[in-house]
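In: Next comes the sequence, and after it the predicted model I'd like to discuss.
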There are 2 protein chains.
Amino acid sequence: MSTEQVTTKAAAPRERILATTRTLFYGHGIQATGVGELAEVAGVSKRTLYQLFESKDALVAAYLALMSQHGTAGERNLDRAELSARDRLLALFERPRLSARFRGCPMHNAAVELADPDHPGRTVIVAHKHALLARLAEIGREAGARNPEVLARQLITLYEGATALATSLDEVEPFDFARSAAETLIDAMIDQTGQTAPSS
Amino acid sequence: MSTEQVTTKAAAPRERILATTRTLFYGHGIQATGVGELAEVAGVSKRTLYQLFESKDALVAAYLALMSQHGTAGERNLDRAELSARDRLLALFERPRLSARFRGCPMHNAAVELADPDHPGRTVIVAHKHALLARLAEIGREAGARNPEVLARQLITLYEGATALATSLDEVEPFDFARSAAETLIDAMIDQTGQTAPSS
């Protein structure tokens, strides 16, 4: 059930620790994962871990920065240069290919778990969502949307909804509901000028 | 910062414990809250707590059943008999009135925290979302939607997105984005027959 992403012992301790956060913080949860367990799975001592990351909070922030840089599969689809702007927006809603249970957006999941508004991970989460919003507005503009900022806000809400509902229901069908809704919202924002509408 | 919902000492231990789960499980998180802390805040012994709830998992399931029965403010708006069916669907997206930080949907948050697919709380979460889906389809049918099941799936995804994104961003504006998207989706599903369109 767990996604084993632990790298080889040859990797540097920092990389081994961060690879292990992806397995445990993402797969099992941030609060459910103790630093001792994480160090053990990464094959480093707690002392080494605390030399590299001054606290669990700092490690969580580093994990989130890594996940933000990586992005979700849907977010990476926004860069697919072979697609039209409209199709890139729709590709955000492609069903994730799963090697294990779907566990949602790592940024959002951390927001749920980190109830403290001053946790250092919070700024990473908010910056990630704002960057996605800006990217969607940019592509919406390219697609000819009348109000790309509004369209971007609608689409990011749908995308957050697809990932969250897929987590709640433990099934990926919500990505299909979101995609059909996204098509309607995009078409309502773009004057139809003979663009090819993908079948859905 | 914490929402104090602890009832008086006169309340029965079971009620005191469940009221405390609403404060701690919802406000601080399920994994972040120990049973010892919960018993202390509720003013009962751990022994009493375990006589009433056989395990933390059972207590979490009871907390979720209570939250499911209560519903969110948006979900309760679906029962507002003074509104038309269309306006009830839109009232789902009313901004929550906050007495503390917005902490999202208790069902979804638990799905994020309970990584174990066999946790007894999981069935409560899935049943809650399915009941909401059925209710939305029923109201969509009443509103004259051509395909109420599809509309219900689109609207539940938007609603989950509004609550999740509001949690991620720590602001309630996503409910406005979701409402504007919901209007477009509802109108695309209902033949316009002179219905009054609310301004947004």
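Out: Sure, I can see it.
In: give me the number of residues near the residue lying closest to A:Val44 once chain neighbours are set aside?
Out: With sequence-adjacent residues excluded and distances taken as C-beta to C-beta, 6 or more residues apart in numbering or on different chains, A:Val44 is closest to A:Pro13, at 4.7 Å. Where C-beta positions appear, they are placed from N, C-alpha and C, glycine not excepted. A:Pro13 has 17 neighbouring residues, counting by other C-beta atoms under 10 Å in any protein chain shown.
In: Beyond the worst-scoring helix or strand of chain A on mean pLDDT, next helix or strand please.
Out: Using mean pLDDT, DSSP states H and E, helix A:27 stands out as the lowest-scoring helix or strand of chain A, at a mean of 93. Later in the chain than helix A:27, the nearest helix or strand by DSSP states H and E is helix A:35-42.
In: Need the contact partners of the helix or strand following that following helix.
Out: Once the chain leaves helix A:35-42, the next helix or strand it forms, by DSSP H and E, is helix A:46-52. For helix A:46-52, contacts defined as C-beta atoms under 8 Å, 6 or more residues apart in numbering or on different chains pick out A:Pro13, A:Arg14, A:Ile17, A:Val35, A:Gly36, A:Leu38, A:Ala39, A:Ala42, A:Leu59.
In: Determine the three-state secondary structure at A:Asp118.
Out: coil (DSSP: H, G, I helix; E, B strand; the rest coil).
In: B:Pro174 versus that one, what's the distance?
Out: 22 Å (C-beta to C-beta, to the nearest Å).
In: buried sites along stretch A:57-72?
Out: A:Leu59, A:Val60, A:Ala61, A:Ala62, A:Tyr63, A:Leu64, A:Ala65, A:Met67, A:Ser68, A:Gly71, A:Thr72 (16 or more other C-beta atoms under 10 Å in any protein chain shown).
In: With stretch A:79-99 instead?
Out: Buried residues in stretch A:79-99, counted by 16+ other C-beta under 10 Å: A:Leu83, A:Ala85, A:Arg86, A:Asp87, A:Arg88, A:Leu89, A:Leu90, A:Ala91, A:Leu92, A:Phe93, A:Arg95, A:Pro96.
In: Just flag the most distant two among those residues.
Out: A:Ala85 and A:Pro96 (22.0 Å; C-beta to C-beta).
In: How about the closest residue to chain B within chain A, nearest residue that isn't a chain neighbour?
Out: Chain B sits closest to A:Gly161 of chain A, with a gap of 2.6 Å, by C-beta to the nearest C-beta. Nearest non-adjacent residue to A:Gly161, counting by C-beta to C-beta, 6+ apart: B:Gly161, 2.6 Å away.
In: got the angle for the strand or helix carrying that neighbour vs helix A:148-169?
Out: Assessed by DSSP H and E, B:Gly161 sits inside helix B:148-169. Put simply, helix B:148-169 runs at 100 degrees to helix A:148-169, going by axes from the mean of the first three to the mean of the last three C-alpha atoms, to 10 degrees.
In: and chain A, what are its domains?
Out: In the domain annotation for chain A, the residue ranges read A:3-53, A:67-189 (automatic domain parsing).
In: Now distance to B:Ile139 too, for those domains, in a markdown table please.
Out: Formatted as a markdown table, the domains of chain A follow (distance: least, C-beta to C-beta, whole Å):
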| stretch | distance to B:Ile139 |
| --- | --- |
| domain A:3-53 | 35 |
| domain A:67-189 | 17 |
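In: highest average neighbour count across those domains?
Out: Among these, domain A:67-189 has the highest mean neighbour count (mean count of other C-beta atoms under 10 Å in any protein chain shown), at a mean of 20.
In: Pull up the distance across it, start to finish.
Out: With C-alpha to C-alpha, to the nearest Å as the measure, domain A:67-189 spans 31 Å from end to end.
In: Distance check, A:Ile156 against B:His119.
Out: Relative to B:His119, and taking C-beta to C-beta, A:Ile156 is found at 29 Å.
In: neighbouring contacts of stretch A:128-142?
Out: With C-beta under 8 Å, 6+ apart as the test, stretch A:128-142 has contacts from A:64, A:68, A:75, A:78, A:85, A:88-89, A:92, A:107, A:148-149, A:151-153, A:155-156, A:159, A:186, A:189, B:165, B:168-169.
In: Looking at the domains of chain A, which is nearest to B:Val124?
Out: Nearest to B:Val124 among these is domain A:67-189 (10.9 Å), distances taken as C-beta to C-beta.
In: averaged over its residues, what pLDDT does the closest one have?
Out: Domain A:67-189 carries an average pLDDT of 96.
In: So what's the gap between that domain and the chain middle?
Out: 8 Å (C-alpha atoms, centre = their mean, to the nearest Å).
In: can you pull out the helices in chain A?
Out: In chain A, the helices defined using DSSP state H lie at A:13-21, A:27, A:35-42, A:46-52, A:56-70, A:73-77, A:85-91, A:106-113, A:121-142, A:148-169, A:174-189.
In: Is the second one in proximity to chain B?
Out: What that stands for is helix A:27. Yes - judged by C-beta under 8 Å from any C-beta of the partner chain, helix A:27 comes into contact with chain B through A:Gly27.
In: List the contacts of A:Met67.
Out: A:Arg22, A:Tyr26, A:Pro106, A:Met107.
In: make that A:Leu24, sorry
Out: Here A:Leu24 is in contact with A:Thr33, A:Glu37, A:Leu38, A:Val41 (C-beta under 8 Å, 6+ apart).
In: So which of those is the closest to B:Ala111?
Out: A:Thr33 (17.4 Å).
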